[in-house]
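>>> Pasting the sequence and the predicted model now:
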Amino acid sequence: MRKLLALKVDVDTWRGTREGVLPLVNLFNKHGAGATFLFSLGPDHTGRAIKRVFRPGFLSKVSRTSVVEHYGVKTLLYGTLLPGPDIGKREAGLLRQVRNGGFETGIHTWDHIAWQDNVVNKGNEWTTRQMQKAFDRYQEVFGEPPKTHGAAGWQMNEHAYALEKQMGMDYASDGRGSEAFLPCDATGRVIGVPQIPTNLPTLDELIGLNGIEAGNVHETVLACTEKPLPHGHVYTLHSELEGMKLLDVLERLILGWKAQGYELVSTRTLFEQLDVQSLPRLRVGMGEIPGRSGQVAVAFAT
């Protein structure tokens, strides 16, 4: 059995696109690693996340992970005191450069903050409008339709799962979990494309807890990958974190994973290994995971 570990890159902001993506590309090329880059394609409205201060656990997470340091003061004003730059329009050439360099690309979102803060409680019309904007922009930038999607903030609703299938996507990586599955509604009906969830903890979920800091966080993550999974591990990283201040942490992880015998690949590589017909059918919903404020998309037994 091949030991596979997929690198999934969430690109949330304009700064993360401009400053964090190419260092990741260079690092992956240096180590012969594959990866999937999921891009935010519309306006950067990061500043509107200020409303999250009222969520339980949010302020403690901010204090642990130095949001200002990683995202920058200017980014934290976009959509409030400063207009939100249109990422897909401004950085189309850079996005194509990643694809042309041999990396898989897909949709993260149209407006990251709008999706992350609203999609769970929105209906089909709002969800369709957001996803169609991202779909159209992706096709405009790359000259072809997107084939994968990874939800911003791991936030989803049943309409979004269904739209991925309607839009012709092959698979998605929208939530958190331990194994690949087919997403179902409460009746057990399959409603979307195969899901390959993130199973490994992210750096911002670990740093600042239980004596874990940037200098040793890789040890905790590597302990989680000592044993391979049948469908492979999935690690989600962020261009704003691992692509910038925490690039050295990512390199330690890559070296550690290679020492453990893993092939570092795109999520598509994991998808291509699947026997889709034999995947478990799991009900999708929202639930809590350690280290993260609020709820994220998860799967439950039907």
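It's in.
>>> going forward, measure contacts and count neighbours with C-alpha atoms only.
Fine.
>>> Same question for stretch 233-246: list its buried residues.
233-244, 246 (16 or more other Cα atoms under 10 Å).
>>> in what helix or strand does the residue nearest to H238 when sequence neighbours are not counted lie?
Nearest non-adjacent residue to H238, counting by Cα to Cα, 6 or more residues apart in numbering: D10, 4.9 Å away. Using DSSP states H and E, the element containing D10 is strand 4-11.
>>> Distance check, the nearest residue to E288 once chain neighbours are set aside against M286.
Take E288 and drop its neighbours on the chain: the residue closest to it by Cα to Cα, 6+ apart is Q295, 4.6 Å away. To M286, Q295 is 6 Å away according to Cα to Cα, to the nearest Å.
>>> Settle it for me: which of the two has more neighbours?
Set Q295 next to M286 and count neighbours by other Cα atoms under 10 Å: M286 wins out with 19 against 15.
>>> isn't the more buried one right next to G177, touching?
No - judged on Cα atoms under 8 Å, M286 makes no contact with G177 at a distance of 11.4 Å.
>>> doesn't L282 fall inside a strand?
Yes - assigned with DSSP: H, G, I helix; E, B strand; the rest coil, L282 falls within a strand.
>>> since we're on it, how many residues are nearby?
Count around L282 with other Cα under 10 Å applied: 22.
>>> mind listing what it touches?
By Cα atoms under 8 Å, 6 or more residues apart in numbering, the contact list for L282 reads F181, L182, P183, C184, G188, A299, F300, A301, T302.
>>> can you check W110 too?
Contacts for W110 (Cα under 8 Å, 6+ apart) come out as S40, L41, G42, P43, Q130, M131, K133, A134.
>>> out of those, which one sits closest to T267?
Closest approach between those and T267, by Cα to Cα: S40, at 17.7 Å.
>>> what's the closest one sitting at in phi/psi?
phi -80, psi 130 (degrees, to the nearest 10).
>>> go on, the one 3 residues further on?
Per-residue torsions, P43: phi -70, psi 140 (degrees, to the nearest 10).
>>> now swap in R176 and tell me
Reported as degrees, to the nearest 10, the phi and psi values for R176 are phi -120, psi 150.
>>> Could you do T36 as well?
phi -110, psi 120.
>>> Need the per-residue pLDDT for it.
Predicted confidence (pLDDT) at T36: the value is 99.
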